[in-house]
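[1] A predicted structure for the sequence below; I have some questions about it.
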Amino acid sequence: MDIRIRGLTKSFGASPAIHGVDLDIRSGELLGLLGPSGSGKTTLLRMIAGLEIPNDGRIFFGDEDASFKTVQERRVGFVFQSYALFRHMSVADNISYGLRVRPGAQRPTTAEIAKRVSDLLEMMQLGGFGSRYPAQLSGGQRQRVALARALAVEPRVLLLDEPFGALDAQVRKDLRRWLREIHDRTGHTTIFVTHDQDEALELSDRVAILSKGRIEQIGSPQDVYHAPQTPFVFGFIGESNRLDVSVEYGRIKLSGVDLGAAAQAVGDGAAWLFFRPQDARLTDASQAPLRGALRAIHRTGAVTRATVLLEPGGALIDLDAPADIALQAGQQTGVHLGRYTIFPAGELAGVRARAA
Amino acid sequence: MLPVAWRFGQPSPLPGFRLALCGTLLWLAVIVLIPLGGVLLRSSSIGLAGIWEIATQPRLMAALRLSFGLSLLAGVFSLVVGLLIAWVLTRYDFPGSRFLDAAIDLPFAMPTAVAGIALTAVYAPNGWFGAPLAALGLKVAYTPLGIFIALVFIGLPFAVRTIQPVLAETEVELEEASATLGATRAQTIRKVILPPLIPAALTGLALSFARAVGEYGSVIFIAGNIPFASEIAPLMVVMKLEEFDETGATAIAAIMLGVSFAMLLVINLVQAWTRRRLGHG
Amino acid sequence: MVESTIFREPMKRDRDVADERPLVRRLLIALTVGLMAIFFFTPVALVFVEAFRKGAPAFLNALGDPDTQSAIRLTLLVAAIAVPINALFGVAAAWAAARFQFPGKSILITLIDLPFSVSPVVAGLSYVVLFGSRGYFGPWFAAHGIPVVFALPGIALATTFVTFPFVARELIPLMQQQGVDDEEAALTLGASPWRMFFTVTLPNIKWGLLYGILLCNARAMGEFGAVAAVSGRIRGETNTLPLHVEVLYGGFDLAGAFAVASILAGLALVTLIVKTILEWRHADELAISRRR
């Protein structure tokens, strides 16, 4: 089931949570909604489910306009961050709930329901857990029960709100891999919300990055990492350095020093120069226009992370150096910029200005 | 291994355990345990046969039947009304909702004798509600119906206050989950919201029943105390005492104490069961 | 492909998933207000209407009656005995139960709550069984000239019984929630046990303690059943205010009965108001508001 969203807008009181969002989700795709807290990603997900009513805009499930459909009519599978398992029902009763509440004519027979439950338990590697109660399960098991319950109703789209948010690191990793497997096996169109970029990049076919209620960029994990289209995305995904520069006659200048780099398509004026630590290297101090003093050196396994205090401008930047070079804090060094991206200076919401 | 003197309870760096515990036990014994023990001792000297003989006197029998029957009825009624009130107070925010919430405890705070004469005056044949009801041919004061009203008055707060916190704890996600799975609002209420309230509801029922069985002040005025028609068990205790029939009074008290302990046991069992089953207390 | 259209049609659904239709909601609210008006507010209003039916002079006259005056004095005296002593032992019980682990603790907590499940009339009777003329200890006390039943000691004891749990049951959960960190810190800083208690424990539990005392006092001044069983209702001597209400009511002095009742109802309302203010202002320093 493909989903199209057009001009979706939602505000809570005076503060808008989602501004005119357009989004196309392909049938069978696993889409990650990534953004910092308050970016509107959960609101967007809840509007798709029908749990939140938009002020404006439309949502299409295939060719069907679902904008005015109730939650019940939309037949979505929603997995809540807290799982929202019914505590007074056994695991099997939780999973079969969506089938049992159907009106008489559409309700499967008891035998069919039992079969479906046992299939799902099997798929979730929860065989034999049917008669337990949620309180008797671990966090990861509860997560899987919540997923099984959502899948039991044969949803047209599977929506997951921070599916791994409440789990510890190791369980998270396992479940991530396993969710991908389930998705590939069942082929449901799946949208999940996360604030964890590793999770989004590892799991998704495509990632939509949200900030302040707008979609900043949507693309494959490679695209958003290697070709960020907005300063926000560059700052939000992966590690990056940002320099406040100016463009004069097409040349990039840092505090008046010409960096000897082209300004790409950016016109004259204040600009931001972004680059990743691995896309710059240390050079001889006498040869580079970008110079500074080594402030700190951290050796972490294969790479050495060097922090440089730039002379022009006085900014601190991080870059990777080969592990075998002898470095000393305080020594003068040059910096050679490899790949970089330049954006006109503007508003940069909620971005870590300098990656830690 | 150093020889360690035997000690009671887990060691703790905090002071004052022995003083606090001994004081508590002493006070508990003097005020509660020895007096109740006295009642049990006296009733054991009467013997089960003796208690049975006293309890089966027709007039007393009628009083006990009325007390237990009406208390149960009032408890169930309080439960239904209490559920409604708890629902409205926890789910809806409206002008005056906090005032209503505070007013739920009114029967706890109001001296029972005051409630008793006030209810009587309201429901007397010439009272605010009594007169119109009498015109409809419904006599409330000085009948079991009047006792029922008084018992609801004192029992309602128990029902509301035990259900309210559990209802407030119900996460909205549970209702949303139910809706995404296709359940109608009615199905969600019946299958998702109400079942977890059962333990609290049973506790509330037991509490209001126990209170109603023992209630004296708010009932005796409106009851009219007509033998075989509107006499309650606690009144019989007081009457026997006034007749200096301590044996009779003790026998009735023993029956009432038995019911109290049974209710206490029920409440504790329900709570233990809830904790085991739902993983929270 | 559908264009991004702006439309201003009214939304079909104007409510959240987890809510009722506005009409249903309004109906339920109206039902609640109606039921509470019938069961709670009408009787209270009636007390004050009846008390002032014959005007303020009659009201004051009823309160000025010597028997009423003596009932007021006795009620205050009984509360002044029962409340402080229950507060003291409530704090001791909470200290033992909330700060230490020992076998039988849950039984102790159940026993502390026991008076709430016992009929007040049975509580009163139990003191008659102990101290009455044919009671277990009665003859001994009589021989030493100490009257218990039909006298102040019996009334005070019965009142103490029914108000026994109030302070402890508020403080035990509160102190359990607060934990021992503050007190352990005080001890590591060299405070003596009593100093720790007065400078750390007591300030931490003061609102909870006040809350418990407030409820304890309301019940102590309003108790009827337990006191009725032990007092003998001797006018001007062993009549507390609630008993005096009954005596006046039984003597068909309705104006007097409601005048006295209105003082007690006023006390109840003040208690309720102070209690509510405590719950709003000091919600996180009371156990009850966290349970709710």
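    Right, received. Where do you want to start?

[2] Would you mind measuring from C:T163 to B:T274?
    29 Å (Cβ to Cβ, to the nearest Å). To be clear about C-beta, it is placed using only N, CA and C from the backbone, and glycine gets the same treatment.

[3] Neighbour count: these two, which is higher?
    C:T163 (30 against 20; other Cβ atoms under 10 Å in any protein chain shown).

[4] Verify the stated contact: the more buried one with C:I85.
    No - applying Cβ atoms under 8 Å as the test, C:T163 and C:I85 come out as separate, 9.7 Å apart.

[5] Please spell out which residues along stretch A:12-21 are buried.
    Neighbour-count burial for stretch A:12-21, with 16 or more other Cβ atoms under 10 Å in any protein chain shown as criterion, is recorded at A:P16, A:A17, A:I18, A:H19, A:G20, A:V21.

[6] Could you confirm whether that stretch reaches chain B?
    No - figure legend: stretch A:12-21 not in contact with chain B (Cβ under 8 Å from any Cβ of the partner chain); closest approach 15.1 Å.

[7] what does that stretch contact?
    A:5, A:7-11, A:40, A:43-44, A:47, A:54, A:56-57, A:212-215, C:4 (Cβ atoms under 8 Å, 6 or more residues apart in numbering or on different chains).

[8] So what's the gap between it and the chain middle?
    With Cα atoms, centre = their mean, to the nearest Å as the basis, stretch A:12-21 stands 20 Å off its chain's centre.

[9] Report the rounded mean pLDDT for that stretch.
    Mean pLDDT, computed over stretch A:12-21, is 83.

[10] cool, and stretch B:188-208?
    Mean pLDDT, computed over stretch B:188-208, is 91.

[11] what's the closest non-adjacent residue to the residue sitting nearest the centre point of chain B?
    Here the mean C-alpha position of chain B is nearest to the C-alpha of B:S208 (Cα atoms, centre = their mean), at a distance of 2.3 Å. Nearest-residue entry for B:S208: B:G155, 3.4 Å, with adjacent residues in sequence omitted and distances by Cβ to Cβ, 6 or more residues apart in numbering or on different chains.

[12] which residues sit in contact with the one you found?
    Neighbouring residues of B:G155 by Cβ under 8 Å, 6+ apart: B:A74, B:G75, B:S78, B:S208, B:F209, B:R211, B:A212.

[13] same question, B:L14
    C:R99, C:F100, C:V180, C:E183, C:E184, C:L187.

[14] and with 6 Å instead?
    C:R99, C:E183 (Cβ atoms under 6 Å, 6 or more residues apart in numbering or on different chains).

[15] mind checking the SS state of it?
    coil (DSSP: H, G, I helix; E, B strand; the rest coil).

[16] Which residues of the stretch 101-250 of chain A lie near chain C?
    Counting by Cβ under 6 Å from any Cβ of the partner chain, no position of the stretch 101-250 of chain A is adjacent to chain C.

[17] Which positions in the stretch 101-250 of chain A make contact with chain B?
    A:V101, A:A135, A:V153.

[18] what ranges do the helices span in chain B?
    With DSSP state H, the ranges of helices along chain B come out as B:17-28, B:34-55, B:58-91, B:97-103, B:106-109, B:112-123, B:130-135, B:144-169, B:172-180, B:185-188, B:198-214, B:217-223, B:233-242, B:246-278.

[19] okay, now the residue in the stretch 101-250 of chain A that chain C sits nearest to: neighbour count?
    In the stretch 101-250 of chain A, the residue that lies nearest chain C is A:I215 (13.1 Å; Cβ to the nearest Cβ). By the criterion of other Cβ under 10 Å, A:I215 has 22 neighbours.

[20] again, but for the one 10 residues further on
    Here the number of neighbours of A:Y225 (other Cβ under 10 Å) works out to 17.

[21] so what's it up against?
    Contacts of A:Y225 by Cβ under 6 Å, 6+ apart are A:I237, A:G238.

[22] do you know how far it is from chain B?
    Relative to chain B, A:Y225 is positioned 33 Å away (Cβ to the nearest Cβ, to the nearest Å).

[23] With C:D113 instead?
    According to Cβ to the nearest Cβ, C:D113 stands 8 Å off from chain B.

[24] what helix or strand is that residue on?
    With secondary structure defined by DSSP states H and E, C:D113 is part of helix C:105-117.

[25] continuing past that helix, what's the next helix or strand?
    helix C:120-131.

[26] Can you pull the residues of the stretch 51-200 of chain B lying near chain C?
    B:81, B:85, B:88, B:92, B:94, B:100, B:102-103, B:106, B:109-114, B:117-119, B:121-122, B:153, B:165, B:172, B:175-176, B:179.

[27] ok, which of those residues also contact chain A?
    Residues of these in contact with chain A (Cβ under 6 Å from any Cβ): B:E176, B:A179.

[28] could you flag which of the residues of the stretch 51-200 of chain B next to chain C are buried?
    Neighbour counting with 16+ other Cβ under 10 Å marks B:81, B:85, B:88, B:100, B:102-103, B:106, B:109-114, B:117-119, B:121-122, B:153, B:175-176, B:179 as buried within these.
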